[in-house]
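Novice: Build me a model from this:
(one chain, ligands or ions: 1)
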Amino acid sequence: MSRTITRTKTTTQTRTARDSQGETLYYVEYARSGRSSCRECRDKIPNAGLRLGEQAQVERNAWSWRHWDCVSDTLLRRVGGTATLRGLLQLEPQDRAMVERRYMYIKR
Ligand SMILES: [Zn+2]
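Specialist: Residues are numbered from 1 along each chain as shown. Predicted structure coming up:
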């Protein structure tokens, strides 16, 4: 019997704990203030709004933020996967599911 099941591969990679120099870290979180602005659309990110942070390790504290809705597929591919996206487990279950769905969608 041949059943065609389109099963999206769940990434069961173990967390890579190496934060070597030159690596960029990505965080997904709720904004802790309303002061950050989005790198894509330049608008303010509202307090508690879901945002994606990118931190280049070369310059410490060099953060750039984006509204989650402004995050491009290209950027998400660069992040690599949910295993390298920090903060995901701290999100509300429905937001975490939404982020994971987005990943499944771009990983075709
Ligand atoms: Zn934006």
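Novice: Enumerate the positions of the longest helix seen in the chain that are buried.
Specialist: In the chain, with assignment by DSSP state H, the single longest helix is helix 93-106. Going by neighbour count (16 or more other CB atoms under 10 Å), the buried part of helix 93-106 is Asp95, Arg96, Val99, Glu100, Tyr103. For the C-beta atoms, the positions are set from N, CA and C on the backbone; glycine is no exception.
Novice: where are the low-confidence patches of the protein?
Specialist: Scanning the chain for pLDDT under 70 picks out 1-22, 57-61, 107-108.
Novice: how about the residues of the protein near the ion?
Specialist: Within the chain, the positions adjacent to the ion are Cys38, Glu40, Cys41, His67, Cys70 by CB under 5 Å from the ion.
Novice: In PyMOL, how would I select just the buried ones from the residues you listed?
Specialist: The buried subset of those, as determined by 16+ other CB under 10 Å, is captured in PyMOL by this line:
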select buried, resi 38+67+70
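Novice: could the residues of the chain next to the ion go into a markdown table alongside secondary structure and distance to Tyr26?
Specialist: Putting those into a markdown table (DSSP: H, G, I helix; E, B strand; the rest coil; distance: CB to CB, whole Å) gives the following:
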| residue | secondary structure | distance to Tyr26 |
| --- | --- | --- |
| Cys38 | strand | 15 |
| Glu40 | coil | 15 |
| Cys41 | coil | 19 |
| His67 | strand | 15 |
| Cys70 | helix | 14 |
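Novice: Closest one to Leu88 out of the residues of the chain next to the ion, please.
Specialist: His67 (16.8 Å; CB to CB).
Novice: OK, contacts around the residue nearest to the closest one when sequence neighbours are not counted?
Specialist: In this structure, His67 finds its nearest non-sequential neighbour in Cys38, 4.8 Å apart by CB to CB, 6 or more residues apart in numbering. Cys38 makes contact with Lys44, Ile45, Arg51, Trp65, Arg66, His67, Cys70 under the criterion CB atoms under 8 Å, 6 or more residues apart in numbering.
Novice: Before I go, just wanted to say thanks for your time.
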